[in-house]
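Engineer: Here is a sequence together with a model predicted from it:
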Amino acid sequence: LGCTIKMATLKRILQLISILFCLVCTAQQTPIWCVVPSTIHVLQNDTCDSLGSVASNEFVVHAMQGEEENQQLLIDTRGWGADQNLTNKISLEINSFQDSNRNEVEQEPETNWWQVGYVYCKSTTRYPGSGGGWKPDPLLSPENGAIYLESEITQPLWLSVKVPRDIPAGKYSSNVIMTITTTHTGNTVSIPVTLVVWNIQLPTLVKAKFPAIFSFSPGSLTQVYGTRTKDMAIKFRDLLLDQRIGGNNLYTRVPTNLTEAKYLADAGVQWISLFDVYGAASDSKMKDSHVQGACVNFTKDLIDKAIQILTPAVKSAEEMNILDNLFIYGFDEAPASCEPSINALYTAIKQQWKNLRTVATVNWLPHTDVPMDVWVLQYEEYNEKQAKQWSQAGKQQWWYHCIEPSGAQYLNTFIERPQLQARLLFWLASAHNVSGWLYYSVVMWKRYPESTAIMKRLNGTARTDFDPGNYIWYPRTDIFANGDGNFVYPGADGPIPTVRLHNLRDGFEDAEMFRKLPLVKVSPIVEPLVRSATDFTLDAKLFESQREQVASLII
């Protein structure tokens, strides 16, 4: 009998231990979560605690009518235990929004979410602060509405709220329902969401006051998609349009495809490159170009050739009613010695078609009598006196950046740089009343050796196999830059957006909001964050506070 009692007791004790073990497992697998702004660079070894005051348990989005804004939801899986088979699964469902009276809204905000992915950044000699291993950039779509998480990491989820144009201003509420399934348990967490809609309308593309020309060459897709390039080009172009970027090849060496130009014009794009005349001449596509030093010498014969090439394209554009959306591009980063050629070529074009706009990217002050409608300047070269002289002549100054300025003291959009830098570029432009922004490429995937493949997850994780190094000048040199010339990755079914692309769009939207204020009111708001190309403050909380101040001044 004593032996029987002892065995029963032991069995009961084991049952209790098992129950306690499961309770501990369940407690450990309840995720630690927090919300951080989309301007924060989150590494997988960060935690809600290590991110400090920018991490919050409040999911609040402030936006204009028609604007899209993002937040990051961080999931800390430390304490979940080892999971070699990647069985920890999370799915999100975002409930319908309700107004302050708990009524569902007629114009429902559009919500989306992605898993923030990681690319491996190698160190390069081209710019300081490069490399560092795994960095956040691609936005990976969930598979069948869910993602699988590794243990012992922090995983950001990227949540987007797109506000309808005709939704009334006010405060709205919703919930993010996060369902966690592990090998031991299931759990559901409800996270309240507050959406504050300002009584400010974001202009549509066709009415944009701060347009962006970010060059997109469908030819870049051919090396990845082959026979699917044409269909994929539409998907990439639509993604760019959704990010307020006109998807057109700035450096087209022959007059652009006018059917594609019409598609962009109908979508509201105001600036579409018709022809890079200087580039065509430099590439000897115009046969009798005479190169003198760094410049193409636009002789009368060469100018006549350019006019001859343009004439049928301009005639067709007029018939399609899109000529006002087109411009002539040229003289990309040409030296000051090219000014006579600019003057000769653009004068001839204006004599033929006075309303066809002309654009050149040069880092010196052109004479105001040169018939150049838009002077594009590398942003750190800005000179207030020169800009004023140019604008007083009734012309526009745009800014641009590329791999330069590459110094660590400058704002740029390399993958390694804090995400807030992208938005501050356009805050600085707004403080100086710059008319627009230009960038040389969004899909340049030049690899070394020359091979480009579809981006894939590594073993189902958030880490990916895509080398973000763009070997821009290969095969002349093997120097590369991480993310330069590339804001979108090639996915199996189409484009994979990035956190940098979304922050660019948010920056364009910020610039549109600044345009609603007198310039004298813009600088006091911008200056606490960015004073010049080398003097700026990377403070995400201050950024959000200043952005709300902009809205309060408009309302």
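Structural biologist: Here it is on my side, so go on.

Engineer: just so I have it, where are all the helices in the stretch 201-350 of the chain?
Structural biologist: For the stretch 201-350 of the chain, helices defined by DSSP state H, counting those that start in this stretch occupy the ranges 219-225, 229-242, 258-266, 277-282, 300-319, 339-352.

Engineer: go on, the stretch 351-500 of the chain?
Structural biologist: Under DSSP H, counting those that start in this stretch, the stretch 351-500 of the chain gives helices at 384-392, 420-431, 499-514.

Engineer: how about CSV for those, with mean neighbour count, mean pLDDT and distance to Thr182 added?
Structural biologist: Yep, even glycine has a C-beta here, placed from its N, CA and C like the rest. Below are the helices of the stretch 351-500 of the chain laid out as CSV (neighbours: other CB atoms under 10 Å; pLDDT from 0 to 100; distance: least, CB to CB, whole Å):
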stretch, mean neighbour count, mean pLDDT, distance to Thr182
helix 384-392, 13, 97, 58
helix 420-431, 24, 98, 34
helix 499-514, 24, 98, 27
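
Engineer: how about a markdown table for these, with distance to Leu202 added?
Structural biologist: Formatted as a markdown table, the helices of the stretch 351-500 of the chain follow (distance: least, CB to CB, whole Å):
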| stretch | distance to Leu202 |
| --- | --- |
| helix 384-392 | 25 |
| helix 420-431 | 14 |
| helix 499-514 | 6 |
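
Engineer: hmm, back to that, for Asn112, which of the helices of the stretch 201-350 of the chain is the nearest?
Structural biologist: Nearest to Asn112, of all those, is helix 229-242, at 10.8 Å by CB to CB.

Engineer: for that closest one, what is the average pLDDT?
Structural biologist: Averaged over helix 229-242, pLDDT sits at 96.

Engineer: Can you tell me which of the helices of the stretch 201-350 of the chain is most buried?
Structural biologist: When the helices of the stretch 201-350 of the chain are scored by mean count of other CB atoms under 10 Å, the highest mean neighbour count falls to helix 277-282 (a mean of 24).

Engineer: Run through the neighbouring helices and strands of it.
Structural biologist: Here helix 277-282 touches strand 295-297, helix 300-319, strand 326-330, helix 339-352, going by 3 or more CB pairs under 8 Å, 6 or more residues apart in numbering; DSSP states H and E.

Engineer: list the helices and strands the last one packs on?
Structural biologist: Contacts of helix 339-352 with other secondary structure elements, assessed using 3+ CB pairs under 8 Å, 6+ apart, are made with helix 277-282, strand 295-297, helix 300-319, strand 326-330, strand 357-361.

Engineer: Could you export these to TSV, including columns for mean pLDDT?
Structural biologist: Converted to TSV, the helices and strands packed on helix 339-352 look like this (pLDDT from 0 to 100):
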stretch	mean pLDDT
helix 277-282	85
strand 295-297	83
helix 300-319	96
strand 326-330	97
strand 357-361	98
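
Engineer: circling back to that earlier point, Ser545: which of the helices and strands packed on helix 277-282 is closest?
Structural biologist: Ser545 lies closest, by CB to CB, to one member of the helices and strands packed on helix 277-282: strand 326-330, at 38.2 Å.

Engineer: Report the inter-axis angle for the closest one versus helix 339-352.
Structural biologist: Using axes from the mean of the first three to the mean of the last three CA atoms, to 10 degrees, one finds that strand 326-330 and helix 339-352 are set 160 degrees apart in direction.

Engineer: for strand 326-330, the distance to its chain's centre please.
Structural biologist: Using CA atoms, centre = their mean, to the nearest Å, the mean C-alpha position of strand 326-330 is found 24 Å from that of the whole chain.

Engineer: Name the strands paired with that strand and say parallel or antiparallel.
Structural biologist: Sheet pairing of strand 326-330 (DSSP bridges) gives strand 272-276 (parallel), strand 357-361 (parallel).

Engineer: can you redo those strands as TSV with distance to Tyr410 and mean neighbour count?
Structural biologist: Listed next are the strands paired with strand 326-330 as TSV, based on distance: least, CB to CB, whole Å; neighbours: other CB atoms under 10 Å:
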stretch	distance to Tyr410	mean neighbour count
strand 272-276	27	24
strand 357-361	18	22
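
Engineer: out of those strands, which comes closest to Glu110?
Structural biologist: Closest to Glu110 of those is strand 272-276 (CB to CB; 27.1 Å).

Engineer: hang on, isn't Asn95 packed against Asn175?
Structural biologist: Yes: between Asn95 and Asn175 there is a contact at 4.7 Å, judged by CB atoms under 8 Å.

Engineer: Among the two, which residue is more densely surrounded?
Structural biologist: Remark: of Asn95 and Asn175, Asn175 carries more neighbours, 17 against 14, as counted by other CB atoms under 10 Å.
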